[in-house]
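In: 3D model of this:
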Amino acid sequence: MPIWIFRIATLGAFSYLTYNFIKQDTTTLLWGLLCGALVVAGEVLFKRFRLIKIMIACTGFLMGYLLYIVLDYGAINLNHADTLAWWGLYGSKIKIGLLVFGVLAAIWKSRELEGLSYKGHHLKVADITALIDGRIVDLCEINFLSGVIVLPVFVLDELNKMASSNDPLERAKGRRGLDVATRLQELKEVAVRITNKNAKAATMEERVVKLAKSLDAEVVTLDFNVNKAAVLQNVIALNIADLTTALKPVVLPGESMSLFVMKEGKEKDQGIGYLDDGTMVVVEDGRRSIGKRAEVSVYSILQTSSGRMIFARIK
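Out: Numbering: from 1, shown residues only. Presented below is the predicted three-dimensional model:
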């Protein structure tokens, strides 16, 4: 509310000052109102633009002015009558053109410089697998992942190619990845930045890791190859699959649990059930309990490269 009071007061003050101290007529009053409106518009625009954008625009302005000074110095020291006449006629127009070009070029290229204003471990660079998987959104919603999520343009371009593929599975993955990227941008819990900054590498995995290294950032992924590349580049990789494995409930031999027996097993009288995280439980003498919830006692746990398997028997 105070900002609106300031804006209304600005309009009133400019109108009052011009009307009372310059000339008391309608035209002067309107000019004062216009000046106040320009001040308010400048305040609104300044509030909307991030400071880095304003600094980049000022840099472009200075570069355009320096280029004009060089051309002006060259035209004067050339000491040619026709050149001096032409420069005197068009010099001011060229100056304005160079200033405008410098500002516009700087703002246009600022998308590539975006990543340079953000560095540190609060940055998380999301790769293709993290976007296709989608659980990154859930982790951000519960504030498990904080900071700034960085979406490289080359990753989004790859998702666009996948979404246009003739392969139905590839197309579905690409569309899901783009949907997840859109959902991330709509979240209020984290900030999301899209950067054009790129890294030269042979594979997509290496490009993501090298980009993260240049930003001193972390990588969010589900790809084992990204994990390996990150270790070689001394980059922290946050693998959602590893997180899921680490959060699996600990079950020890001798513990009891309530389990819904879904189907019969391969061996005689075996039943099969699943924990909430998807871990398969083989229940001896569980065939008669298929379709029911039963109390089982764990007697063995087998850990394999493909996951964990629990063996239990009906209590």
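
In: contacts, neighbours, all on C-alpha from now
Out: Noted.

In: So V296: helix, strand or coil?
Out: strand (DSSP: H, G, I helix; E, B strand; the rest coil).

In: and it, how many residues sit next to it?
Out: 23 (other Cα atoms under 10 Å).

In: Do you know the pLDDT at the nearest residue to it once chain neighbours are set aside?
Out: Residue nearest to V296 in three dimensions, not counting chain neighbours: I314, with 4.5 Å by Cα to Cα, 6 or more residues apart in numbering. Looking at I314, its pLDDT is 87.

In: switch to numbering from 36
Out: Sure thing, new numbering starts at 36, so read that last one as I349.

In: For I349, give me its contacts.
Out: Neighbour list for I349: V318, E319, D320, G321, A329, E330, V331, S332 [criterion: Cα atoms under 8 Å, 6 or more residues apart in numbering].

In: Are any of those residues buried, and if so which?
Out: Among the contacts of I349, those buried by neighbour count (16 or more other Cα atoms under 10 Å) are V318, E319, D320, G321, A329, V331, S332.

In: Tabulate these in CSV, adding columns for distance to S291.
Out: Formatted as CSV, the buried ones among the contacts of I349 follow (distance: Cα to Cα, whole Å):
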residue, distance to S291
V318, 12
E319, 14
D320, 16
G321, 15
A329, 10
V331, 6
S332, 4
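
In: any idea how far the residue located most distally from the centre of the chain is from D107?
Out: Within the chain, A116 marks the point farthest from the mean C-alpha position, 56.7 Å out by Cα atoms, centre = their mean. Distance, A116 to D107, by Cα to Cα, to the nearest Å: 14 Å.

In: repeat for V215
Out: 53 Å.

In: since we're on R211, how many residues are nearby?
Out: 18.

In: Which strand or helix spans it?
Out: helix 203-221 (DSSP states H and E).

In: thinking again about what came up before, contacts only, for the residue farthest from the centre of the chain.
Out: Counted by Cα under 8 Å, 6+ apart, A116 has zero contacts.

In: From W122, how far out is it?
Out: Distance, A116 to W122, by Cα to Cα: 10 Å.

In: now R328
Out: Counting by Cα to Cα, the gap from R328 to W122 is 92 Å.

In: neighbour count winner among these two?
Out: Set R328 next to W122 and count neighbours by other Cα under 10 Å: W122 wins out with 17 against 13.

In: burial measure for N269, as a count.
Out: When neighbours are counted by other Cα under 10 Å, N269 comes out with 12.

In: Quick check: closest non-adjacent residue to it.
Out: The shortest distance from N269 to any non-neighbouring residue, by Cα to Cα, 6+ apart, is to K248 (7.9 Å).

In: ok, the one you found to N260 distance?
Out: Relative to N260, and taking Cα to Cα, K248 is found at 16 Å.

In: ok, now K298?
Out: 36 Å.

In: So which of those two has more stuff around it?
Out: Set side by side, K298 and N260 give different neighbour counts by other Cα under 10 Å, the larger being at K298 (15 against 12).

In: Shouldn't that one be within a strand?
Out: Yes. Under three-state DSSP, K298 sits within a strand.

In: Just the buried residues of the longest helix anywhere in the chain, please?
Out: Longest helix in the chain, counting residues (DSSP state H): helix 116-148. Buried residues in helix 116-148, counted by 16+ other Cα under 10 Å: 119, 122, 126, 130, 133-142, 145, 148.

In: Same question for stretch 284-292.
Out: Quick answer for stretch 284-292 (16+ other Cα under 10 Å): S291.

In: try stretch 332-350
Out: S332, V333, I345, F346, A347, R348, I349.

In: cool, stretch 218-236 as well?
Out: 219-220, 224-234.

In: In PDB, list the C-alpha atoms belonging to it.
Out: Extracted in PDB, the C-alpha atoms of stretch 218-236 (Å, rounded to 0.1, in the frame of the first residue of the first chain):
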ATOM      1  CA  ARG A 218       6.300 -27.300 -13.200                       C
ATOM      2  CA  LEU A 219       9.700 -26.300 -11.700                       C
ATOM      3  CA  GLN A 220       9.300 -22.800 -13.000                       C
ATOM      4  CA  GLU A 221       5.900 -22.500 -11.400                       C
ATOM      5  CA  LEU A 222       7.200 -23.500  -7.900                       C
ATOM      6  CA  LYS A 223       7.500 -20.900  -5.200                       C
ATOM      7  CA  GLU A 224       9.800 -23.000  -3.000                       C
ATOM      8  CA  VAL A 225      12.900 -22.600  -5.300                       C
ATOM      9  CA  ALA A 226      14.200 -20.200  -7.900                       C
ATOM     10  CA  VAL A 227      14.700 -21.500 -11.400                       C
ATOM     11  CA  ARG A 228      17.100 -20.100 -13.900                       C
ATOM     12  CA  ILE A 229      17.500 -21.000 -17.600                       C
ATOM     13  CA  THR A 230      21.000 -20.400 -18.900                       C
ATOM     14  CA  ASN A 231      22.500 -20.400 -22.400                       C
ATOM     15  CA  LYS A 232      25.900 -21.000 -21.000                       C
ATOM     16  CA  ASN A 233      27.400 -24.100 -22.700                       C
ATOM     17  CA  ALA A 234      30.300 -26.400 -22.200                       C
ATOM     18  CA  LYS A 235      32.200 -28.200 -25.000                       C
ATOM     19  CA  ALA A 236      32.200 -31.900 -24.500                       C
END
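
In: Sounds good, over and out.
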